[in-house]
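**Q** below are the sequence and a predicted model; questions follow.
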There are 2 protein chains.
Amino acid sequence: MAIHTPTPSNKTTFEPQHDQVREIIYLIRRLMQAGSLYTKELNKNYQVSAPQLNCLLVLYENGPLPPSRIASLIMVKSSTVTGVIDRLEHKGLVKRMRNSPDRRVINIELTDAGKTLAQNAPPPIQQKIVDGLKRLPQNKMESITHNLQLLVHLLDAQDLEIEHPYEEPPPPL
Amino acid sequence: MAIHTPTPSNKTTFEPQHDQVREIIYLIRRLMQAGSLYTKELNKNYQVSAPQLNCLLVLYENGPLPPSRIASLIMVKSSTVTGVIDRLEHKGLVKRMRNSPDRRVINIELTDAGKTLAQNAPPPIQQKIVDGLKRLPQNKMESITHNLQLLVHLLDAQDLEIEHPYEEPPPPL
DNA sequence: TAAGAAATATTTGTACTAAAATATTCCATT
DNA sequence: AATGGAATATTTTAGTACAAATATTTCTTA
């Protein structure tokens, strides 16, 4: 997603809040860049990217899983997961097992190396947020939640379908 | 950035706010998916992706620009811009001009087709946010700004360098 | 003026992401 | 049992994104 510095655009003339809108968009952009930068950093220090690490962690926490289930848990499409697993398998961190009675299903298992890495893994990016949030008073957190919901709303929530929606289906909007 | 459903992880045991942290992370993830989904939708209806559209728009608003300047305005690296321009040029929407006295510099110009598209372009994703935000009372907007700043802060702002930081350099943190 | 540093654009290599098409297997209905 | 439809995983194709390496040109400074 490439949000650039908003500019007085073709049609619309901007009202007083212009600068604030500008800053909000800028902040969203930075939020997103935080993710990709964290991935790069991970890769340097641990030879795994953030999606790869997330994949290892859900396997560590849930035991062997088929790709479709992994996709659902880490919220990407299964065609994406295939590639992530390819790379993890190539590094000897997971292996594909065709051990289900249903022979369409492949189970992904952690190898010993994969388990070790999952145990000693650096915190996934969530942890950074979690650690920060813990230092905030409760009402701040409520405020953040509320405002994020508002933003997601603005971005047209009904377009945001993912393969299998979270865990419990997301609250109706 | 792949944020998965947060889980009681390796080391950390979670405190009462657990569910709220979980929701915040989920919301951030959705915010980010909104972007990529919007890109896909754009591509279907207008044959340009969001980065491509943003590129066209900054050219429309600022006149011919070198790739480095475009990179700065749409906040991506110039190696990324090269590819975006390649695709736009291939579609006949822009052309590369070597018309600067400094012969390292290449200027990207809109073609007539590019201008037309920029004029009739669908709103970039920002517009969606803008339109939504306009319906909100001023104090809501302030609240959103404040909370986003907080979040960006948590994600370790000093790691978030970009090639040329925005316009005025972002506020010191 | 010559050598080295800086700026600009591009190339190369890797990863992620998703839609669409494909192959395989399973299941239900006839 | 056979056909058609659903589920599962993969391949293909295309786009975004970035770091690192490269080539070219300009600037600096010695």
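**A** Alright, I've got the coordinates. Numbering: from 1, shown residues only, chains lettered A, B, ... in the order given.
**Q** from here on, just use CA atoms for contacts and neighbour counts.
**A** Will do.
**Q** just confirm yes or no for stretch A:88-96 near DNA strand C.
**A** No - using Cα under 7 Å from any atom of the strand, no contact is recorded between stretch A:88-96 and DNA strand C, whose separation bottoms out at 8.3 Å.
**Q** residue ranges with poor pLDDT in chain A?
**A** A:1-42, A:44, A:122-138, A:151-173 (pLDDT under 70).
**Q** ranges for the strands of it?
**A** Remark: strands of chain A, listed N- to C-terminal, are A:94-97, A:107-110; assignment by DSSP state E.
**Q** contact partners of the last one?
**A** Read that as strand A:107-110. A:56, A:59-60, A:63-67, A:93-100 (Cα atoms under 8 Å, 6 or more residues apart in numbering or on different chains).
**Q** out of these, which end up buried?
**A** Neighbour counting by 16 or more other Cα atoms under 10 Å in any protein chain shown classes A:56, A:59, A:60, A:64, A:65, A:66, A:67, A:93, A:94, A:95, A:96 among those as buried.
**Q** now the fourth one: how far from chain B?
**A** The reference is to residue A:64. In this view, residue A:64 and chain B are 16 Å apart by Cα to the nearest Cα, to the nearest Å.
**Q** now the fifth one
**A** Per Cα to the nearest Cα, residue A:65 is found 15 Å from chain B.
**Q** do the same with the last one
**A** Between residue A:96 and chain B the distance is 21 Å, computed by Cα to the nearest Cα.
**Q** residue A:71: neighbouring residues, count only.
**A** Summarising burial for residue A:71: neighbours were counted as other Cα atoms under 10 Å in any protein chain shown, giving 22.
**Q** surely it is in contact with residue A:77?
**A** Yes - if you go by Cα atoms under 8 Å, residue A:71 and residue A:77 touch, sitting 5.6 Å apart.
**Q** how about residue A:144: what's its closest non-neighbour residue?
**A** residue B:147 (5.4 Å; Cα to Cα, 6 or more residues apart in numbering or on different chains).
**Q** please apply the same query to residue A:114.
**A** Closest to residue A:114 by Cα to Cα, 6+ apart is residue A:93, at 4.1 Å.
**Q** for that neighbour, give me its contacts.
**A** By Cα under 8 Å, 6+ apart, the contact list for residue A:93 reads A:110, A:111, A:112, A:113, A:114, A:115.
**Q** what do you get if the cut-off is 7 Å, keeping everything else the same?
**A** Under the criterion of Cα atoms under 7 Å, 6 or more residues apart in numbering or on different chains, the contact partners of residue A:93 comprise A:110, A:111, A:113, A:114.
**Q** any idea what residue A:107 is bridged to?
**A** Residue A:107 has the following beta-bridge partners by DSSP bridges: residue A:97.
**Q** how many neighbours does it have?
**A** A count of neighbours around residue A:107, defined by other Cα under 10 Å, yields 18.
**Q** how many residues are close by residue A:46?
**A** Other residues lying near residue A:46 total 12 when counted by other Cα under 10 Å.
**Q** then residue A:121?
**A** A total of 18 residues lie near residue A:121 under the criterion other Cα under 10 Å.
**Q** what residues does chain A put near DNA strand C?
**A** Within chain A, the positions lying close to DNA strand C (Cα under 7 Å from any atom of the strand) are A:48-52, A:75-77, A:79-80, A:83-84, A:87, A:101-104.
**Q** the residues you listed in helices, which ones?
**A** Using DSSP state H, the subset of these located in helices is A:50, A:51, A:52, A:79, A:80, A:83, A:84, A:87.
**Q** ok, residue A:114 to chain B distance?
**A** Residue A:114 sits 14 Å away from chain B, taking Cα to the nearest Cα as the criterion.
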